[in-house]
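Student: Model the following, please.
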Amino acid sequence: MKWNKRIRQTHRWVSMAFTVTVIMAAVAVSVQQQPAEWVLYLPLFPLTFLMFSGLYMFVLPYVTKRRGERAAVSAE
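Tutor: Predicted coordinates:
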């Protein structure tokens, strides 16, 4: 259970970092006439982690439910 809590907490902090990078990229685009392209790609780094951790948290209830059903069947 400690592992799940750690992933959820990290997901929360990375989501805040993602929000900050999106805001920074939007400000950079609006301030500069021709912003550097790499500024627009900065939010992709935290977004990839958010995708994987979000998929993990999405699938987790289904996996634990299936494990519980298997344990109940094998206990009978």
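Student: Just give the closest residue to Leu60, not the sequence neighbours.
Tutor: Nearest non-adjacent residue to Leu60, counting by C-beta to C-beta, 6 or more residues apart in numbering: Asn4, 6.8 Å away. Just so you know, the C-beta spots here come from the backbone N, C-alpha and C atoms, and that holds for glycine as well.
Student: isn't the one you found right up against Pro61?
Tutor: No: Asn4 lies out of contact with Pro61 (C-beta atoms under 8 Å); the separation is 10.6 Å.
Student: more neighbours, the two?
Tutor: Asn4 (12 against 9; other C-beta atoms under 10 Å).
Student: The more buried one and Gln32, how far apart?
Tutor: 42 Å (C-beta to C-beta, to the nearest Å).
Student: now swap in Phe49 and tell me
Tutor: Remark: distance between Phe49 and Gln32 (C-beta to C-beta) = 27 Å.
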